[in-house]
Every structure is written in structure tokens, then in C-alpha cells.
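**Student:** sequence plus predicted model, see below.
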Amino acid sequence: MENKEKVLAKMQSEAKPLRPGEIADLTGIDKKDISKYIKELKAEEKVYSPKRCFYQAK
């Protein structure tokens with residue numbers, strides 16, 4: 001599984017919005033990479049930001 005897919009899967013499995021640091025802790029992926037994947041997933045409209053610095057899968 002690609003890291004971006006791991007990030008999306010973790011966001012889908014959580015019932016609450018997550019910060020990039022929390023996603024990094026849960027997945028073991030570097031926080032800088034998490035931010036890059038979130039940006040790509042937002043462009044693909046698979047995640048959104050319900051409030052500043054928090055992200056959730058659609």
C-alpha cells in the first residue's frame with residue numbers, strides 16, 4: 001500500500017478530524033510527507049478541512 005493510501009485509510013478509520021502530527025504518529029510516516037499527501041488528497045477532493053489545521057476524509 002502506498003503511503004498516501006495509508007494516510008487516507010487512517011483518516012477514514014478515525015471518527016474525528018485529525019491534525020497532520022496525529023496522522024504522522026498513527027502511521028509512522030514523516031510529518032512533512034503527511035502534509036504533502038493531505039495537499040494531494042485535498043486536490044483529489046478525498047479529504048476536507050472542517051476547521052483550521054484539522055483534516056477529515058469525505
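**Tutor:** Received, thanks.
**Student:** only C-alpha atoms for contact and neighbour calcs from this point on.
**Tutor:** Noted.
**Student:** who does the helix or strand harbouring residue 50 pair up with?
**Tutor:** Assigned by DSSP states H and E, residue 50 falls within strand 47-51. Partner strands for strand 47-51, per DSSP bridges, with pairing direction: strand 54-57 (antiparallel).
**Student:** can you list contacts of the partner strand?
**Tutor:** 8, 11-12, 16-20, 38, 46-50 (Cα atoms under 8 Å, 6 or more residues apart in numbering).
**Student:** just the buried ones from those?
**Tutor:** 8, 11, 12, 17, 18, 19, 20, 38, 47, 48, 49 (16 or more other Cα atoms under 10 Å).
**Student:** dump those to a markdown table, plus distance to residue 28.
**Tutor:** Below are these laid out as a markdown table (distance: Cα to Cα, whole Å):
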| residue | distance to residue 28 |
| --- | --- |
| 8 | 14 |
| 11 | 14 |
| 12 | 17 |
| 17 | 18 |
| 18 | 15 |
| 19 | 14 |
| 20 | 12 |
| 38 | 15 |
| 47 | 20 |
| 48 | 22 |
| 49 | 22 |
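**Student:** tell me the one among these nearest to residue 32.
**Tutor:** Taking Cα to Cα as the measure, residue 32 lies nearest residue 20 of those, at 8.6 Å.
**Student:** distance of that closest one relative to residue 33?
**Tutor:** 9 Å (Cα to Cα, to the nearest Å).
**Student:** just to revisit the earlier point, now tabulate the contacts of strand 54-57 in a markdown table and tack on pLDDT and distance to residue 58.
**Tutor:** Output for the contacts of strand 54-57, formatted as a markdown table (pLDDT from 0 to 100; distance: Cα to Cα, whole Å):
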| residue | pLDDT | distance to residue 58 |
| --- | --- | --- |
| 8 | 95 | 10 |
| 11 | 94 | 9 |
| 12 | 95 | 8 |
| 16 | 93 | 11 |
| 17 | 96 | 11 |
| 18 | 96 | 13 |
| 19 | 96 | 15 |
| 20 | 96 | 16 |
| 38 | 96 | 12 |
| 46 | 95 | 6 |
| 47 | 96 | 5 |
| 48 | 95 | 7 |
| 49 | 95 | 10 |
| 50 | 94 | 10 |
